[in-house]
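A.B. asks: Got a predicted model here, sequence first, then my questions.
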Amino acid sequence: MILFLKLLFAHFLGDFLLQPKKWVDEKEKKKLKSPKLYYHIGIHTLLLFIVLSFDYNYFLGILFIALTHFCIDISKLYFQKKKSKGSWFFIDQFLHLFILIVVAFYYNSLDLNFIQTQINRLIPLALCVLFITTVSSVIVKTIINQWKPESKKETDDSLAKAGRLIGMLERLFVFVFVITNHWGAIGFLVTAKSVFRFGDLTSSKDRKLTEYVLIGTLLSFGLAILTGIVYSQLINIF
């Protein structure tokens, strides 16, 4: 387990702290012709040697990580498009993480029972996160859609799907607050949202809109709190 944490530490340093944005921009522009790409791989390789105390027993593992890191980065540079940069960022990081796990397994430094336990714990967590994001969005929308006020404006200045994203984020925050037993933070979140929404609701002078937003907020928070309580009980079983 310690080996994996060392590899992850080197990855975070090399991929984030020691990789300036101008390097990223140049790599995206020049791809294989960019010297910054090779600097980046060189820094990663050096960091791996440093965190592993220049122990040459890990030489093959370091070489494997460096080569696969280069291949993954190249694939990302050539396949990502402007609209898919976000998706490719997560794909890129997932693949790097997978390689680190493979190398750690190769050197027998990960506790298989520990990994299996964590995977079992991730199942209810993944289920709850899926519920409070996608499923809850549909539930809330279905319930309150019957009271949705008719818009008097032909154009809407808000961001596309902003309301849905805000709802997902607030439920995730509430969920985390519940499972970490920080109930007071939920009140702070409600207050913060009320402050930001107060101006819109006041300027609209529309009682129906106010009630619509209030019902949606209460439903959203209620589902997140209930999910957090259920998860807290499930985690004791796994």
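C.D. replies: Yes, it's here.
A.B. asks: Confidence-wise, which helix or strand of the chain is lowest on average?
C.D. replies: helix 183-204 (a mean of 73; mean pLDDT, DSSP states H and E).
A.B. asks: so where is this protein shaky, pLDDT-wise?
C.D. replies: Within the chain, the segments meeting pLDDT under 70 span 109-112, 114-115, 150-161, 196-207, 238.
A.B. asks: Which residue lies nearest the spatial centre of the chain?
C.D. replies: Phe90 (8.3 Å; C-alpha atoms, centre = their mean).
A.B. asks: Give me the distance between that one and Arg121.
C.D. replies: 21 Å (C-beta to C-beta, to the nearest Å). (C-beta placed from N, C-alpha, C; glycine too.)
A.B. asks: Over to Leu165?
C.D. replies: Leu165 is 27 Å from Arg121, by C-beta to C-beta.
A.B. asks: what does Lys21 give?
C.D. replies: For Lys21, the distance to Arg121 - C-beta to C-beta - is 36 Å.
A.B. asks: Neighbour count: the two, which is higher?
C.D. replies: Between Lys21 and Arg121, Arg121 has the larger neighbour count (other C-beta atoms under 10 Å), namely 13 against 7.
A.B. asks: Would you agree the more buried one is in contact with Ile235?
C.D. replies: Yes - using C-beta atoms under 8 Å, Arg121 makes contact with Ile235 at a distance of 6.5 Å.
A.B. asks: Give me the distance from the lengthiest helix in the chain to the chain's centre.
C.D. replies: Looking across the chain with DSSP state H, the single longest helix is helix 207-234. The offset between the C-alpha centroid of helix 207-234 and the centroid of the whole chain comes to 22 Å, using C-alpha atoms, centre = their mean, to the nearest Å.
A.B. asks: What is the strand or helix carrying Leu5 packed up against?
C.D. replies: According to DSSP states H and E, Leu5 maps onto helix 2-12. With contacts taken as 3 or more C-beta pairs under 8 Å, 6 or more residues apart in numbering; DSSP states H and E, helix 2-12 sits against helix 35-51, helix 85-106.
A.B. asks: Contacts only, for the nearest residue to Trp147 once chain neighbours are set aside.
C.D. replies: Once flanking residues are discounted, Trp147 sits nearest to Tyr212: 5.3 Å by C-beta to C-beta, 6 or more residues apart in numbering. Each residue near Tyr212 by C-beta atoms under 8 Å, 6 or more residues apart in numbering is listed here: 144, 147-149.
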